[in-house]
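Asker: predicted model, plus sequence, below.
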Amino acid sequence: MAMLTDIAIAQAAKVQPIAEVAGKLHLQAEDLLHYGPYMAKLTEPCLQRIKAKTDGKLILVTAISPTPAGEGKTTTTIGLADALNRLFVGGQRQAMVCMREPSLGPVFGLKGGATGGGYSQVLPMEDINLHFTGDFHAIGSANNLLAALIDNHIYQGNALNIDPDSITWRRCLDMNDRALRDISLIGQSKDSQTSSFKPYSRQTGFDITVASEVMAVFCLASSLADLQWRLGNIQIGLNKQQQPVLASDLQAAGAMTALLKNAFQPTLVQTLAHSPALVHGGPFANIAHGCNSVVATQAALKLADFVVTEAGVGADLGAEKFIDIKCRKTGLQPAIAVLVATVRALKYHGGVEVADLNQENLSALKAGMANLAKHLNNLQQAFNLPVLVAINYFATDSAAEIACLQAEVAKLGAQAVLCKHWAQGAAGATDLASAVLERIEENAARPCKLLYPDDLSLADKIATIAQKIYGASHVEFSPKAQVSLAGLEKNHGHFPVCIAKTQYSFSADPSLRGAPSGHVLSVRELRLSRGAEFVVAICGDIMTMPGLPKQPASERIGVNQAGDITGLS
């Protein structure tokens, strides 16, 4: 019998009232701000009250380098949490999911939704994949309010003497729209002496909302007060004396925080198996730092014994940023990393094209193991994390391929556990859950390591990531990046770095599969995220405003006569 589609499974599910889900976390009615019967935000008094509780264990789910064949990192995150709760019969212990919100860009673009798949999903699937509780709209509004205030300030006489050519703040939109990447802005500036207006123009553009610094600030802030301070510390450009101009100089932080006040509260939903899930924030990991919000992760650790969270795309980007940015800033400590891989994806990294991935090919599987081996070594050696490999099963996987993959992982000194949660839900991931619990117990006092110290130069931080994590020979900076580097090093050299590059390869070239080495990481541009407190290095051809494919996913999405959404995946 054919498997139902993700949306059909989600729409057929019996969803529990969110108050019942909250009860599993010992939350009361006053702890919740309801958004309908199945979604609720945790109130600020609730977040304050639970701070005294002891933290649970944090489980980080990451993956090999993404491929068109699919890996299933989010599905595995959800399946693992459900499987842990299946083992915790009687409610003596509780596991929960903590993950990012989907962006409308990929939902309507190439990837589709990001709420899991099969029988390992978070619900309500349509709401989460579309507008959800409006958090991304609030983030976009805060970003664009600051942009409007900048241009209005110049129009009204430019008392701060802002140099229009130095303005780095861009507008944002939660949609893939390549036409907005580079735009010419025509404005006016009022002469304070004559009250006449002079025209001016500058080049600017839009980023996708998940790449906005407001999103990064939102996800790294630990409290509303910290959020407002970080928003005020955003640098929008320079004045004509080459001094920084901040959002606080424009008195923007208060209004931006007001727009984000409710959005900043984490949203509680549930999985298909009714495990609690906090879904909050969502920077991409290929162009931003790729982690759900700090406030959600910290709240989840107070509410549950085990928190399963994910880092975006492959471990070279998502897991590196999770540790070197999020953990560095907060003191969070993952107890274990789960590295998700599929037979199909590894064969793709071994040189097989998508059309041929359903055919058994042990030699290509072994060749593709280089990608998994590099990620595994990075997690174990560079970050000192215990690691389990989760084999996300596809029906086309042969028994010989599964056995080969497990044997190859064993040669690397690790364990690979077969998982069938997509088709079987929690029951299909209980072996993984048992192995995770055993490994956490064995490595109870093993702290993860940061890749580099704060006092290393920005150039050396970028080189360290490029060489140790990506296998690059060296880094080359464009002339534009070299100019930026000198100024950034002087004032912000202690910040961590956030590499923006393709997720499809360890290199900056998406066509290089497997584990390429000796390549050059070309840094095209450096951007300061002063409020988020990191420096973004934009590499290769990566774009902070993606485009739509020739046949976007939006073509499949609609609403039927009964009012049900169709085609969402």
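Answerer: Sure thing, it's come through. Residues are numbered from 1 along each chain as shown.

Asker: could you pull out the helices in the stretch 451-569 of the chain for me?
Answerer: In the stretch 451-569 of the chain, helices defined by DSSP state H, counting those that start in this stretch lie at 458-464, 479-492, listed in chain order.

Asker: using CSV, please lay out these together with distance to Lys198, mean neighbour count and mean pLDDT.
Answerer: Placement of C-beta: from N, CA and C, glycine included. Formatted as CSV, the helices of the stretch 451-569 of the chain follow (distance: least, CB to CB, whole Å; neighbours: other CB atoms under 10 Å; pLDDT from 0 to 100):
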stretch, distance to Lys198, mean neighbour count, mean pLDDT
helix 458-464, 37, 20, 98
helix 479-492, 28, 14, 95
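
Asker: could I get the full set of strands for the stretch 51-200 of the chain?
Answerer: 57-63, 95-99, 116-117, 120-123, 171-173, 183-190, 197-204 (DSSP state E, counting those that start in this stretch).

Asker: which outside residues touch the first one?
Answerer: Read it as strand 57-63. 71, 73, 76-77, 80, 297, 301, 305-311, 313-315, 318-319, 322, 332-341, 375, 379, 385, 390, 436, 440 (CB atoms under 8 Å, 6 or more residues apart in numbering).

Asker: among these, name the ones in strands.
Answerer: Those of those mapping onto strands are 306-310, 334-341, 390, per DSSP state E.

Asker: relative to Thr271, which of the residues you listed is nearest.
Answerer: Nearest to Thr271 among the ones in strands among the contacts of strand 57-63: Val308, at 10.3 Å, using CB to CB.

Asker: quick one: the residue nearest to the closest one when sequence neighbours are not counted from Gly56, how far?
Answerer: On the basis of CB to CB, 6 or more residues apart in numbering, the spatially nearest residue to Val308 that is not a chain neighbour turns out to be Ala81, at 4.3 Å. Computed as CB to CB, to the nearest Å, the Ala81 to Gly56 distance reads 12 Å.

Asker: next: His137.
Answerer: Taking CB to CB, one finds His137 at 31 Å from Gly56.

Asker: same question, Gly558
Answerer: Taken as CB to CB, the spacing of Gly558 relative to Gly56 amounts to 41 Å.

Asker: domain assignment for this structure?
Answerer: Per automatic domain parsing, the structural domains of the chain span 6-133+263-442, 136-260, 458-539.

Asker: Gly563: which of those is closest?
Answerer: Checking these against Gly563 by CB to CB gives domain 6-133+263-442 as the closest, at 11.1 Å.

Asker: quote the end-to-end distance of the closest one.
Answerer: Distance across domain 6-133+263-442, first residue to last, is 36 Å (CA to CA, to the nearest Å).

Asker: likewise for stretch 375-394?
Answerer: End-to-end distance for stretch 375-394: 21 Å, by CA to CA.

Asker: buried residues, it. List them.
Answerer: Neighbour-count burial for stretch 375-394, with 16 or more other CB atoms under 10 Å as criterion, is recorded at 375-380, 382-383, 385-394.

Asker: hmm, back to that, Asn143: which of the strands of the stretch 51-200 of the chain is closest?
Answerer: Proximity of these to Asn143 was assessed by CB to CB; the nearest stretch is strand 171-173, lying at 4.7 Å.

Asker: tabulate the CA atom coordinates of the helix ranked longest in the chain in CSV.
Answerer: Ranked by residue count under DSSP state H, the longest helix found in the chain is helix 135-155. Extracted C-alpha coordinates of helix 135-155, given in CSV (Å, rounded to 0.1, in the frame of the first residue of the first chain):
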residue,chain,number,x,y,z
ASP,A,135,6.8,35.7,14.3
PHE,A,136,8.6,36.0,11.0
HIS,A,137,6.3,38.8,10.0
ALA,A,138,7.1,40.6,13.2
ILE,A,139,10.9,40.1,12.6
GLY,A,140,10.5,41.5,9.0
SER,A,141,8.5,44.4,10.3
ALA,A,142,11.2,45.3,12.9
ASN,A,143,13.9,45.0,10.3
ASN,A,144,12.0,47.2,7.8
LEU,A,145,11.0,49.8,10.4
LEU,A,146,14.7,50.4,11.0
ALA,A,147,15.2,50.7,7.3
ALA,A,148,12.4,53.3,7.0
LEU,A,149,13.8,55.2,10.0
ILE,A,150,17.2,55.5,8.3
ASP,A,151,15.8,56.9,5.1
ASN,A,152,13.4,59.2,6.9
HIS,A,153,16.2,60.5,9.1
ILE,A,154,18.1,61.5,6.0
TYR,A,155,15.0,63.0,4.4
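
Asker: the inter-axis angle of it versus strand 183-190?
Answerer: Orientation note: helix 135-155 sits at an angle of 40 degrees relative to strand 183-190 (axes from the mean of the first three to the mean of the last three CA atoms, to 10 degrees).

Asker: can you give the distance of helix 135-155 from its chain's centre?
Answerer: Distance of helix 135-155 from the chain centroid (CA atoms, centre = their mean, to the nearest Å) equals 23 Å.

Asker: same check, this time on stretch 378-389
Answerer: Taking CA atoms, centre = their mean, one finds the center of stretch 378-389 at 20 Å from the center of the full chain.

Asker: for that stretch, give me every contacting residue.
Answerer: Counting contacts by CB under 8 Å, 6+ apart, the residues outside stretch 378-389 that touch it are 60, 62, 315-316, 319-320, 323, 334-341, 372, 376, 409, 414-417, 432, 435-436, 439-440, 442-443, 446-449, 451, 468-469.

Asker: still on that earlier bit, anything in contact with each of Ala81 and Gly56?
Answerer: When contacts are counted by CB under 8 Å, 6+ apart, Ala81 and Gly56 are jointly contacted by Phe306.

Asker: more crowded one of these two?
Answerer: Using other CB atoms under 10 Å, the more surrounded residue of Ala81 and Gly56 is Ala81, with 33 against 19.

Asker: which ones are touching the more buried one?
Answerer: Here Ala81 is in contact with 95-97, 271, 275, 277, 306, 308 (criterion: CB under 8 Å, 6+ apart).

Asker: farthest-separated two in these?
Answerer: Counting by CB to CB, the most remote pair of those is Thr271 and Phe306, 13.9 Å apart.

Asker: of these two, who's got more company?
Answerer: Comparing Thr271 with Phe306 by other CB under 10 Å, the one with more neighbours is Thr271, at 27 against 24.

Asker: my guess is the more buried one contacts Gly118, does it?
Answerer: No. Counting by CB atoms under 8 Å, Thr271 sits too far from Gly118 to count as a contact (11.8 Å).

Asker: where do the strands sit along the stretch 351-500 of the chain?
Answerer: 387-392, 416-419, 474-477, 497-500.

Asker: quick check: closest non-adjacent residue to the spatially most central residue of the chain.
Answerer: For the chain, the residue whose C-alpha lies nearest the mean C-alpha position (CA atoms, centre = their mean) is Gly290; its distance is 2.5 Å. Of all residues not flanking Gly290 in the chain, Gly312 sits nearest, at 3.2 Å (CB to CB, 6+ apart).
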